[in-house]
Every structure is written in C-alpha cells, then in structure tokens.
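Enquirer: Here you go, sequence then predicted model.
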Amino acid sequence: MFCWLSRLFRGLSRPTGKTTQPFWGFLSRSLILTSQRSIPELSSFVARTNTCGELRSSHLGQEVTLCGWIQYRRQNIFLVLRDFHGLVQVVIPQDESAASVRRILCEAPVESVVQVSGTVISRPPGQENPKMPTGEIEIKVKTAKLLNSCKKLPFEIKDFVKKTETLRLQYRYLDLRGAQMQYNLRLRSQMVMKMREYLCNLHGFVDIETPTLFKRTPGGAKEFVVPSREPGKFYSLPQSPQQFKQLLMVGGLDRYFQIARCYRDEGSRPDRQPEFTQIDIEMSFVDQTGIQSLIEGLLQYSWPSDKDPLVVPFPSMTFAEALASYGTDKPDTRFGMKIVDISDMFRRTEIGYLQDALSKPQGTIKAMCVPEGAKYLKRKDIESIRKFAADHFNQEVLPVFLKANRNWNSLLAKFITEEQGLGLIRLLGIQEDVVLVTAGEHKKACSLLGKLRLECADLLEARGVVLRDPALFSFLWVVDFPLFFPKEEHPQELESAHHPFTAPHPSDIHLLYTEPQKVRSQHYDLVLNGNEVGGGSIRIHNAELQRYVLAAVLKEDVKLLSHLLQALDYGAPPHGGIALGLDRLMCLVTGAPSIRDVIAFPKSFRGHDLMSNAPDSIPPEDLKPYHIQVSWPTDSAKESSLSHSCHPES
C-alpha cells in the first residue's frame, strides 16, 4: 500500500509536459477546467504516475508506471502503449532475468490492457520519431502486469482502417478507442464546460433540470409515447423543455439554462437523431438583441483554442433576404453564387414559358451563375440538374453558356437577344460562366436554385475548384421569419413557423387579427456554414394573446396547454430564449461527416441501437400492468414493412 501511495505522490508532483499532436495531444493542450487555466491532473487517484502521451525529454531518468492498451508490437522488441492521452514506445526486456516480463508483453494480444513500470530513457540517435509527441523517449520496462487479455477483434483500432458505420455502432465501445472519436468527445466536453462557466459564473444563469416524462403537446414533430399504469393514460417525452423554461421565467428564476436531452420520434439523418442534446437557454426582461449578444459571447468564450478565434458580432440577414439571395433560410455564406432576379430584363420576351410565369401572382424569373461552369460542367451534369428540377420541383431549368457555344437543349439560349445576353453579363458579373435560369412562383423558384447552388458547389469542388474553406466558420443570424406558414397538406390552414409560443413582431400585431399570414415573428435562427445550429424567439407572455394564437389561428385544443395559459395570467414577465443544437454544432466544429461521430452512443440511420438491439420486444405479461396489447400486422403488412425498410432513408 505504501509503495503504491508513494508512486501516486510522485505522479502528483511530477512536471507535466505539453504535447502538440493534433488528436492525442489535444487534452494537455486545450482542456481548461477553470478560468485560471489550471492544468488538469490526469493521474490522480489511480495506479499510474503518468499518462502515455505526456512523457518528454524532461522526464528522462524518472521511474514511471503506465497503464494502457497494446496498440502495436514490433519483432517482440518494442511495443506501443496507448491510453486516452496518447502513445509511447516501450522497450521489451530481452535478458533472461526478465523472462516473465517479456512473456507477458510478447504473448498478450494486441488491445490487451497492461500496466508497465520502468525508466524513461532517450531513444538511440537516429531512431527518434518527430511525428510522435513522445518520439524522443521510450520506456525501459522493469515490471509488467497483464490486466486483461483481448480476444480477436472485429476490426483494428486504427484510424486508417475503414469500417462500415454498422460495424462501428455494433462495437461502439471499440470504436470509441480511436483517436478521432476520443478527440471529438473530449472537445465536446471541454466546450460544454466552458459554456457552463460562461453562463453560471460570468452571467448568473441557473442550471435547472426539467422533466423528461411530460404530456402530449400540439404541433411540431412526433413525440415518443411512454405508457403509465393508469389505463389509457400515457406520458410523452418532450421535444424540448420549451414550456418548462417559460414556466421557470414565470417562477422568477430570471436566467435558466440546461444541457437538455430532447426526443423526436422520427428517423435519423446525418444531422438528426431521435434523441439529441440542446443547450437550452431562457431569460426574463430580454429582447432579441440581448439573446444574440449572449450567444455570440458564449460561443466566443467556449470556442476551441486550436481554431481561429470567432469575430463578433455575427452578420444578420432577414428571412426574405436569405430566400431571395440563397434560396434557403440557412444559407452557406462561405461562397457566392447568389440568386438574382432578372424579371425586368425579360418583361417583353416572346418566350412563352417566361411570359406565362410572369403573368401569375408572385411570378418571377431567377438566375444563378455557376463560376467556371463552362469549364467544369459536362452535358451529363446539366441533364442531371434539369432532371432534379423536374422531379423535385416540377420546374424547368434553362442553362445558358454565355460566350461558349454549348447551349444543350436550352430553349432560352435559342431566343435570347444579344442585348439580353450582355445585360446578364453585366448583372451577374460573369465571363465564361454558365447561368441557370428558372421561372415560376418566387418561393419555389428561389428554393430550386438554392438546392442547385449546393449541388453545383459539390460538383465543382469534386473537380478541384475551391469554393468552401473547411477551416472557415461562417456564422449568420437569420431574422424576421414569418410567424406562420401555410400547411403543406392544407394550404388554407396555418401552422407555426417556429412554435406556437413565438411572439409576433411589434409592428405586425394588428395584422394578426386580419391577415395572420403576413405577420412577422420575433424568431431568430443561428446558421453555421449552411446548417441551422440554433433557434429561438421572444415569447408571448400575455395569456389572451397566446390563447388567441392557439385557438383562433392555429385551431389547437387550448385545454392541452391550460397550465401554461394559467401561468401567463399570474404575472409572467417578458421573456425569450434560444436552444443550440449541441450535436450539430460539435459535428461542424470537428468536421465530422455525421452527428453520430460526436455522440458516444448514437442510434443508427433507422433509429436503432445496434449494440444492444434496442428497441426490443417485451413479453405480454410485462405489458399487462400498462393495460397494453400488441396488435401484430398481417403477413402482407409485415412483408410491405420489411420491403420498405430495405430502402435507405433520405
């Protein structure tokens, strides 16, 4: 016992080296636990003196004890030991007096867990490894202990070994050992810690947990249903803590936040999971500018130190501007290719397709320039673009190769005048580029070109054109959303653009009772590189106004929200908030291809846990206390379901 404590004490008092390796060196470089930038003690309370990744020339001659996994072994002379902090080379003793140590280190399979003790020595001249942070030293082993042997692995724990996502999720505990997953999860932890520090210590927020067993609420995505032991009564898992955080403002808590678990009963996508995490924030007596300033400061304070610092304030753009220029409410502003209205240029055109579009309400002609398109786009690309427009938007896209004799099947190119061609060149500022033109209802035409803008960017980048700098983080506020959108299935009915508790723009309140579809909202989204990473609003704090929006405009059953309406009647302060999608934010910060790469135990593409095989069936006797019986589908329905499940989800 005394020997172990003395080793531990030496570990507590040892000098700590600093690493520079991108993944394994991240922790010692960046993990800051307090505002005083203290260095975390990584070997306290455990039976080691050091981590594998921290040893340097400054540790020469020290007696150390290390614990980790055998990553690699070479000629039974050297092995590389790995832990969460990095890698170190271990020299396997060859003399007969150390036969037992040699046997342990040579016979233990790769990925077995071992503990070694020995002396830090210099590598022989010429054998240093400059690519390895610990590459100047190695460990001359004196004692070794096999802590646990490893069976044959389903895949190698090496980042250059490509694994299918299914295999990675099935053996997630092995996948987590990889350097990239270690980096992603540790960076996530660091940023969350800094966010807590910023909100609680610097701005007086209170961290409050809210229930995950709640009731069904109107609107929004589908909710997971949880049975109770009361016949016919069910809980629902909340899509977000929206109502609870508003009630906390009524309760006088003033400043709330939570790292909140949220749930939606819908299929997974690369940027979405059935269970996900939000940084949930609410404040009393605040306006939109206050919320935006808070979030800008929060991200600036918690931003990783190995990336360029953020510049605040972030630029802002109205919803109408975003739609008109980029065809989406979450534009990627790292590159141009903006949409331009060319309706005036073709008012007197003889082309029937364009005349027909301009004669209709909201009819317009839009164009988008593809830089160097004449050089990089092929005939098959243009055909694919036109097919996409026809299949997904029922729209025609007309390509025009200005100053290039390649107008494949373009109706517009055959009838465009020289004056109109020169006008396009002046308006779009183009040379040898290609212009995509479409005509129709404003929103539909913009949305189509917005999709094609991203498709063309992918095509150009696949052929070597640099459009989007992966190291650039382009934040943008999108504001002045409509308060309501027409329902897709019933356009004569309205639904909330954000959620039913969003306050109308003060200038538009009078329209709420006459033309609600024209009302702007106090809703704001935070966009990063073309992805929505946050959304929030100033809330309705007047009970009568909230009741009118629910009952008269949205036609919702107000009884489902009677508790909230009652609370608003009891002196609710003006309040507003926002939620940042932590998973999506971390996915973009780390450059991961999917949010599943920044979540420790995510669900699969279809929402399944491939490791534990959840969701799973429950025996009928276990369902009896919940008064539930399973109604099994017919054989034909089963076959249809299985056939449908074989197709990849969008």
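Expert: In hand now; what should we look at? Numbers count the residues shown, from 1 in each chain.
Enquirer: got the contact list for the spatially most central residue of the chain?
Expert: The chain has Arg584 as the residue nearest its centroid, 1.1 Å off, counting by C-alpha atoms, centre = their mean. Taking C-beta atoms under 8 Å, 6 or more residues apart in numbering as the contact definition, Arg584 lies against Asp271, Asn531, Glu532, Val533, Ile595. C-betas here are computed from N, CA, C, even on glycine.
Enquirer: which of those has the most neighbours?
Expert: Val533 (26 neighbours; other C-beta atoms under 10 Å).
Enquirer: For my notes, confirm that one occurs in a helix.
Expert: No - using DSSP: H, G, I helix; E, B strand; the rest coil, the assignment for Val533 is strand, not a helix.
Enquirer: heads up, I number from 787, so please use that
Expert: Fine by me, first position is 787 from now on; the one you just mentioned is Val1319.
Enquirer: so it touches Ile1364, yeah?
Expert: No - using C-beta atoms under 8 Å, Val1319 is not in contact with Ile1364, being 10.5 Å away.
Enquirer: one step back: export the contacts of Arg1370 to TSV and append columns for distance to Glu924 and pLDDT.
Expert: Below are these laid out as TSV (distance: C-beta to C-beta, whole Å; pLDDT from 0 to 100):
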residue	distance to Glu924	pLDDT
Asp1057	44	70
Asn1317	44	97
Glu1318	49	97
Val1319	44	98
Ile1381	39	94
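Enquirer: and of these, the nearest to Tyr1021?
Expert: Closest approach to Tyr1021 among the contacts of Arg1370 (C-beta to C-beta): Ile1381, at 26.0 Å.
Enquirer: Next, give phi and psi for that closest one.
Expert: phi -70, psi -20 (degrees, to the nearest 10).
Enquirer: residue contacts, it?
Expert: Applying C-beta under 8 Å, 6+ apart, the residues near Ile1381 are Pro1056, Asp1057, Arg1058, Gln1059, Phe1062, Asp1369, Arg1370, Met1372, Cys1373, Pro1388.
Enquirer: if we can go back for a sec, check the contacts of Arg1370 and tell me the two furthest apart.
Expert: Longest distance between any two of those is 12.9 Å, between Glu1318 and Ile1381; criterion C-beta to C-beta.
Enquirer: pull the longest helix from the chain.
Expert: helix 1228-1248 (DSSP state H).
Enquirer: Need the contact partners of the helix or strand just after it.
Expert: Sequence-wise, the next helix or strand downstream of helix 1228-1248 (DSSP states H and E) is strand 1261-1265. Applying C-beta under 8 Å, 6+ apart, the contact partners of strand 1261-1265 are 1074, 1078, 1085, 1096, 1100-1105, 1108, 1115-1117, 1119, 1309-1314.
Enquirer: Same question for stretch 1405-1413.
Expert: So stretch 1405-1413 is contacted by Pro1013, Ser1014, Arg1015, Pro1017, Gly1018, Gln1415, Val1416 (C-beta under 8 Å, 6+ apart).
Enquirer: Among the residues you listed, pick out the one closest to Ala1338, please.
Expert: Using C-beta to C-beta, those come closest to Ala1338 at Gly1018, 30.2 Å.
Enquirer: Which pLDDT does the model give the closest one?
Expert: Here, the pLDDT recorded for Gly1018 equals 92.
Enquirer: Go ahead and report the secondary structure state at it.
Expert: Going by three-state DSSP: Gly1018 is coil.
Enquirer: Name the nearest residue to it, ignoring sequence neighbours.
Expert: Nearest residue to Gly1018 in three dimensions, chain neighbours excluded: His1413, at 7.0 Å (C-beta to C-beta, 6 or more residues apart in numbering).
Enquirer: Please apply the same query to Asp1118.
Expert: Gly1316 (3.0 Å).
Enquirer: pLDDT at that neighbour, what is it?
Expert: At Gly1316, pLDDT is 97.
Enquirer: and the residue nearest to the centre of the chain, what element?
Expert: Using DSSP H and E, Arg1370 falls in helix 1368-1376.
Enquirer: And that helix, how far out from the chain middle?
Expert: Taking C-alpha atoms, centre = their mean, to the nearest Å, one finds the center of helix 1368-1376 at 4 Å from the center of the full chain.
Enquirer: Tell me the first helix or strand C-terminal of that helix.
Expert: helix 1406-1409.
Enquirer: what's next to stretch 1227-1239, contact-wise?
Expert: 1109-1110, 1112-1114, 1117, 1123, 1125, 1146-1154, 1171, 1174-1175, 1178-1179, 1181, 1183, 1222, 1224-1226.
Enquirer: Go again with 6 Å.
Expert: Contact with stretch 1227-1239 is made by 1109, 1112-1114, 1123, 1125, 1148, 1150, 1152, 1154, 1171, 1175, 1179, 1181, 1224, as judged by C-beta atoms under 6 Å, 6 or more residues apart in numbering.
Enquirer: tell me the domain ranges of the protein?
Expert: 843-934, 969-1102+1261-1383, 1121-1248 (the TED database).
Enquirer: Can you get me the start-to-end distance on the shortest one?
Expert: It stands for domain 843-934. From its first residue to its last, domain 843-934 covers 30 Å (C-alpha to C-alpha, to the nearest Å).
Enquirer: Is Phe946 in a helix, a strand, or coil?
Expert: Phe946 is classified as coil under three-state DSSP.
Enquirer: buried set for stretch 1031-1044?
Expert: Lys1031, Gln1032, Leu1033, Leu1034, Met1035, Val1036, Leu1039, Asp1040, Arg1041, Tyr1042, Phe1043, Gln1044 (16 or more other C-beta atoms under 10 Å).
Enquirer: number of nearby residues for the closest residue to the fifth one other than its chain neighbours?
Expert: Counting by C-beta to C-beta, 6+ apart, Met1035 lies nearest to His1361, which is 4.1 Å off, once chain neighbours are set aside. Using other C-beta under 10 Å, the number of residues around His1361 comes to 22.
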